[in-house]
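Trainee: Structure of the sequence below:
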Amino acid sequence: MHNKKRKQKKHGRRRSTPLQSLLQGLFLGFCICLLAFSIWKLATIFIGYSSGDKEYKDLQQYVLSEPETPDQASSSSDNTSDDTSEEAPEAASSKEERIDFASLEEINDEAVGWIEIPGTEISYPVVHTTDNVYYLTHTFRRQENKSGAIFVEASNAGDFSDLHTIVYGHNMKNGSMFAGLKNYGKKNYYEAHPYIYLDQEDGTHCYQIFSCHEADVTDITYTIGYHSDDTYAAFLDELTASSLYNTGVSVGTNDSVLTLSTCTNENQQERYAVQGKLIRIER
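Mentor: Down below sits the predicted model:
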């Protein structure tokens with residue numbers, strides 16, 4: 001009886017076969033490699049974010065002053081503009097430049113402006129080149145980085161003279177570049193940040209936001225080349241109707257429109273779009 005129990009106990013301690021040991025070793029090695037790869041990947045992403053952020057923080061030295069809030073009396077009259085309006089954007093008195101463009105152009109000769117939404121993370125130099133690919137993976141200093149740069153649609157004029165100009169930027173997970181555009185999904189955020197400032201060598205251009213929405217890449221939102229006619233009027237009506245909420249800002253065929261666009265990250269075909277109309281130029 002005692003010997004029988006001993007035999008049962010002995011059989012219960014079966015050793016792994018060479019094949020099982022090999023498989024266990026391979027599985028353990030795979031897990032270690034997977035962990036090492038994950039750590040390397042995270043480190044690469046972190047380093048990329050860090051270097052991109054550092055570059056754009058360094059470029060802030062070329063912002064010489066904060067943009068001024070538009071005069072409410074003059075902007076309220078612009079809000080009622082329509083197709084018959086003959087008023088041009090108001091030219092303010094001469095003042096010192098807000099952005100050191102000479103220094104920016106020494107760094108990158110494709111620099112065409114500086115875009116800023118006060119009170120948000122959006123404050124970046126803007127570039128324009130012959131394609132919509134290069135600056136998806138290269139920064140303002142032309143360094144390879146997933147942060148990319150803020151750039152104007154290649155088919156647009158680089159001086160923002162088109163009636164409709166599109167500006168692109170990445171929706172970075174760390175909140176940088178154009179990631180903040182998604183916050184315009186809430187009306188109270190729009191109310192706190194209703195203006196976009198675009199600085200060029202001729203002065204500060206202020207745009208009042210009138211529409212915030214999501215749009216497919218094939219949507220009318222991404223069409224350009226308009227003239228002050230009924231087709232442009234229909235385009236503006238479509239943008240206004242697409243807004244997630246009523247901003248109370250009207251827009252007409254005499255208005256130049258700026259669209260800021262970024263990916264939603266949920267669907268590569270979907271974009272966040274924020275549109276503003278030009279209301280003032282400071283010179």
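
Trainee: Which SSE is immediately downstream of the worst-scoring helix or strand of the chain on mean pLDDT?
Mentor: In the chain, the helix or strand scored least confidently by mean pLDDT, DSSP states H and E is strand 90-92, which has a mean of 40. Once strand 90-92 ends, the next helix or strand along the chain (criterion: DSSP states H and E) is helix 101-107.

Trainee: Touching that next one from outside, list them.
Mentor: Helix 101-107 is contacted from outside by 59, 62, 111, 114, 125, 140, 141, 199, 200, 201, using CB atoms under 8 Å, 6 or more residues apart in numbering. In this view, the C-beta of every residue, glycine as well, is placed from N, C-alpha and C.

Trainee: need the contact list for the fourth one.
Mentor: In this case it means residue 114. Contacts of residue 114 (CB under 8 Å, 6+ apart): 62, 63, 99, 104, 123, 124, 125, 126, 198, 199.

Trainee: Could you tell me which of those residues belong to strands?
Mentor: 123, 124, 125, 126, 198, 199 (DSSP state E).

Trainee: Would you map the helices across the stretch 151-283 of the chain?
Mentor: 187-192, 230-242 (DSSP state H, counting those that start in this stretch).

Trainee: buried set for the last one?
Mentor: For helix 230-242, the buried set under the neighbour-count rule, 16 or more other CB atoms under 10 Å, comprises 232, 233, 235, 236, 239, 240, 242.

Trainee: How much space separates the third one from residue 245?
Mentor: Distance check for residue 235 against residue 245: by CB to CB, to the nearest Å, it reads 20 Å.

Trainee: Likewise for the fifth one?
Mentor: Separation of residue 239 from residue 245 (CB to CB): 13 Å.

Trainee: on that earlier part again, which two of the contacts of residue 114 have the greatest separation?
Mentor: Farthest pair in the contacts of residue 114 (CB to CB) is 62 and 198. Separation: 15.1 Å.

Trainee: Select only the buried ones of the contacts of helix 101-107 in ChimeraX?
Mentor: Here is the ChimeraX selection string for the buried members of those, based on 16+ other CB under 10 Å:
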select :59,62,111,114,125,140,199,200
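
Trainee: From the contacts of helix 101-107, which one has the minimum pLDDT?
Mentor: Minimum pLDDT for those is recorded at residue 201 (91).

Trainee: Just give me the neighbour total for the nearest residue to that residue once chain neighbours are set aside.
Mentor: Distance criterion CB to CB, 6 or more residues apart in numbering; nearest residue to residue 201, sequence neighbours excluded, is residue 101 at 5.2 Å. Neighbour count for residue 101, taken as other CB atoms under 10 Å: 18.

Trainee: just to revisit the earlier point, so can I have JSON lines of the ones in strands among the contacts of residue 114 showing distance to residue 262?
Mentor: Output for those, formatted as JSON lines (distance: CB to CB, whole Å):
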{"residue": "123", "distance to residue 262": "15"}
{"residue": "124", "distance to residue 262": "12"}
{"residue": "125", "distance to residue 262": "17"}
{"residue": "126", "distance to residue 262": "14"}
{"residue": "198", "distance to residue 262": "16"}
{"residue": "199", "distance to residue 262": "20"}
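
Trainee: any idea which of these is closest to residue 213?
Mentor: Comparing the ones in strands among the contacts of residue 114 against residue 213 with CB to CB places residue 198 closest, at 20.5 Å.

Trainee: residues contacting that closest one?
Mentor: Residues in contact with residue 198 (CB under 8 Å, 6+ apart) are 113, 114, 115, 126, 160, 204, 205, 206, 207, 258.

Trainee: rerun at 10 Å
Mentor: Listed by CB atoms under 10 Å, 6 or more residues apart in numbering, the contact set of residue 198 reads 67, 112-116, 126, 160, 165, 167, 204-207, 258, 260, 276, 278, 281.

Trainee: Just give me the closest of the ones in strands among the contacts of residue 114 to residue 171.
Mentor: Closest to residue 171, out of all of the ones in strands among the contacts of residue 114 and judged by CB to CB, is residue 124, at 13.7 Å.
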